[in-house]
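Peer 1: structure for this input, please:
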Amino acid sequence: MDRDITIKIKKIENIFWKIFFIVYIIFILYLSLSKPLLNYSTFKGEDKIVHFISYFLGADLFFTAFYKKSKKVYFVIFLIVFSLLPFLTEWFQSFTYYHTYSKFDMLASYSGAVVGFLFFFFKYKAFSEE
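Peer 2: Predicted structure coming up:
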(Lines give C-alpha, C1' and ligand atoms only; values in the text may rest on other atoms or scores of the structure.)
Protein backbone atom coordinates (compact mmCIF):
# COMPACT_ATOMS: atom_id res chain seq x y z
CA MET A 1 0.00 0.00 0.00
CA ASP A 2 2.72 2.50 0.98
CA ARG A 3 4.72 1.58 -2.13
CA ASP A 4 1.73 2.42 -4.38
CA ILE A 5 1.33 5.80 -2.72
CA THR A 6 5.04 6.51 -3.09
CA ILE A 7 4.91 5.67 -6.80
CA LYS A 8 1.86 7.92 -7.31
CA ILE A 9 3.56 10.78 -5.47
CA LYS A 10 6.70 10.36 -7.64
CA LYS A 11 4.57 10.46 -10.81
CA ILE A 12 2.77 13.59 -9.66
CA GLU A 13 6.10 15.18 -8.74
CA ASN A 14 7.56 14.35 -12.17
CA ILE A 15 4.55 15.82 -13.95
CA PHE A 16 4.67 18.92 -11.74
CA TRP A 17 8.33 19.66 -12.58
CA LYS A 18 7.76 19.14 -16.31
CA ILE A 19 4.75 21.46 -16.36
CA PHE A 20 6.60 24.01 -14.22
CA PHE A 21 9.55 23.97 -16.63
CA ILE A 22 7.33 24.43 -19.69
CA VAL A 23 5.43 27.30 -18.03
CA TYR A 24 8.77 28.88 -17.08
CA ILE A 25 10.00 28.68 -20.69
CA ILE A 26 6.75 30.20 -21.97
CA PHE A 27 7.19 33.00 -19.42
CA ILE A 28 10.79 33.60 -20.56
CA LEU A 29 9.67 33.68 -24.22
CA TYR A 30 6.90 36.12 -23.36
CA LEU A 31 9.28 38.43 -21.50
CA SER A 32 11.86 38.16 -24.28
CA LEU A 33 9.49 39.13 -27.06
CA SER A 34 6.91 41.46 -25.50
CA LYS A 35 7.12 45.09 -24.51
CA PRO A 36 9.19 45.31 -21.29
CA LEU A 37 7.02 45.50 -18.20
CA LEU A 38 9.51 47.72 -16.40
CA ASN A 39 12.79 49.41 -17.14
CA TYR A 40 15.45 47.56 -15.17
CA SER A 41 18.44 49.35 -16.69
CA THR A 42 19.81 50.95 -13.55
CA PHE A 43 23.43 50.14 -14.43
CA LYS A 44 25.41 48.93 -17.44
CA GLY A 45 25.25 45.17 -17.90
CA GLU A 46 22.24 44.63 -15.69
CA ASP A 47 20.40 42.87 -18.52
CA LYS A 48 23.27 40.36 -18.76
CA ILE A 49 22.72 39.45 -15.11
CA VAL A 50 19.00 38.95 -15.82
CA HIS A 51 19.84 36.68 -18.78
CA PHE A 52 22.34 34.70 -16.70
CA ILE A 53 19.92 34.17 -13.80
CA SER A 54 16.98 33.34 -16.10
CA TYR A 55 18.86 30.58 -17.89
CA PHE A 56 20.58 29.39 -14.71
CA LEU A 57 17.12 28.77 -13.24
CA GLY A 58 15.90 27.35 -16.55
CA ALA A 59 18.73 24.82 -16.70
CA ASP A 60 18.19 23.75 -13.10
CA LEU A 61 14.45 23.36 -13.77
CA PHE A 62 15.12 21.49 -17.01
CA PHE A 63 17.36 18.90 -15.41
CA THR A 64 15.09 18.62 -12.36
CA ALA A 65 12.18 17.90 -14.69
CA PHE A 66 13.79 15.58 -17.22
CA TYR A 67 17.06 14.09 -15.95
CA LYS A 68 16.51 10.33 -15.41
CA LYS A 69 12.73 10.93 -15.36
CA SER A 70 12.03 10.74 -19.08
CA LYS A 71 12.79 8.44 -21.95
CA LYS A 72 16.19 9.22 -23.40
CA VAL A 73 14.66 10.38 -26.69
CA TYR A 74 12.43 12.95 -24.97
CA PHE A 75 15.31 14.12 -22.82
CA VAL A 76 17.51 14.69 -25.89
CA ILE A 77 14.73 16.48 -27.79
CA PHE A 78 14.02 18.84 -24.89
CA LEU A 79 17.75 19.35 -24.35
CA ILE A 80 18.19 20.40 -27.98
CA VAL A 81 15.20 22.76 -27.79
CA PHE A 82 16.45 24.27 -24.51
CA SER A 83 19.96 24.60 -25.97
CA LEU A 84 18.61 26.52 -28.97
CA LEU A 85 16.42 28.81 -26.85
CA PRO A 86 18.97 31.60 -26.17
CA PHE A 87 19.83 31.81 -29.86
CA LEU A 88 16.20 31.70 -30.97
CA THR A 89 15.00 34.33 -28.49
CA GLU A 90 17.77 36.72 -29.51
CA TRP A 91 17.03 36.10 -33.18
CA PHE A 92 13.29 36.66 -32.65
CA GLN A 93 14.09 39.85 -30.76
CA SER A 94 15.66 41.26 -33.91
CA PHE A 95 12.12 41.37 -35.36
CA THR A 96 10.52 43.22 -32.44
CA TYR A 97 10.33 46.93 -31.74
CA TYR A 98 11.14 46.56 -28.05
CA HIS A 99 14.27 44.41 -28.07
CA THR A 100 17.46 44.07 -30.08
CA TYR A 101 19.67 41.12 -31.00
CA SER A 102 22.72 40.91 -28.76
CA LYS A 103 25.49 38.33 -28.88
CA PHE A 104 26.44 39.30 -25.33
CA ASP A 105 22.90 38.60 -24.08
CA MET A 106 23.11 35.21 -25.78
CA LEU A 107 26.52 34.56 -24.19
CA ALA A 108 25.13 35.50 -20.76
CA SER A 109 22.18 33.14 -21.34
CA TYR A 110 24.41 30.22 -22.35
CA SER A 111 26.75 30.91 -19.42
CA GLY A 112 23.80 30.85 -17.04
CA ALA A 113 22.59 27.57 -18.56
CA VAL A 114 26.01 25.92 -18.17
CA VAL A 115 26.39 27.09 -14.56
CA GLY A 116 22.78 26.01 -13.90
CA PHE A 117 23.63 22.54 -15.24
CA LEU A 118 26.72 22.35 -13.02
CA PHE A 119 24.64 23.47 -10.03
CA PHE A 120 22.08 20.76 -10.77
CA PHE A 121 24.78 18.12 -11.26
CA PHE A 122 26.45 18.86 -7.91
CA LYS A 123 23.08 19.10 -6.17
CA TYR A 124 22.02 15.78 -7.73
CA LYS A 125 25.24 14.03 -6.69
CA ALA A 126 24.99 15.41 -3.15
CA PHE A 127 21.33 14.56 -2.55
CA SER A 128 20.54 11.56 -4.77
CA GLU A 129 19.71 8.29 -3.11
CA GLU A 130 21.77 6.19 -5.53
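
Peer 1: other SSEs contacting the host helix or strand of K125?
Peer 2: Here K125 sits within helix 103-127, counting by DSSP states H and E. Packing contacts for helix 103-127, counted by 3 or more CB pairs under 8 Å, 6 or more residues apart in numbering; DSSP states H and E, involve helix 46-66, helix 72-93. Where C-beta positions appear, they are placed from N, C-alpha and C, glycine not excepted.

Peer 1: determine the number of other residues adjacent to S94.
Peer 2: S94: 10 surrounding residues under other CB atoms under 10 Å.

Peer 1: so it sits right up against D105, yeah?
Peer 2: No. Here S94 does not reach D105: they are 11.4 Å apart, not a contact under CB atoms under 8 Å.

Peer 1: returning to what we had before: which one of the helices and strands packed on helix 103-127 lies closest to K35?
Peer 2: Evaluated over these, closeness to K35 peaks at helix 72-93, with 12.0 Å, by CB to CB.

Peer 1: and the average pLDDT for that closest one is what?
Peer 2: Mean pLDDT, helix 72-93: 90.

Peer 1: now it: buried residues?
Peer 2: By 16 or more other CB atoms under 10 Å, the buried positions in helix 72-93 come out as F75, F78, F82, L85, P86, T89, E90, Q93.

Peer 1: what's the answer for stretch 14-29, then?
Peer 2: Across stretch 14-29, burial judged by 16+ other CB under 10 Å covers W17, K18, F21, Y24, I25, I28.

Peer 1: can you list contacts of it?
Peer 2: By CB atoms under 8 Å, 6 or more residues apart in numbering, the list of residues contacting stretch 14-29 from outside reads 54, 57-58, 61-62, 64-66, 69-70, 82, 85, 89.
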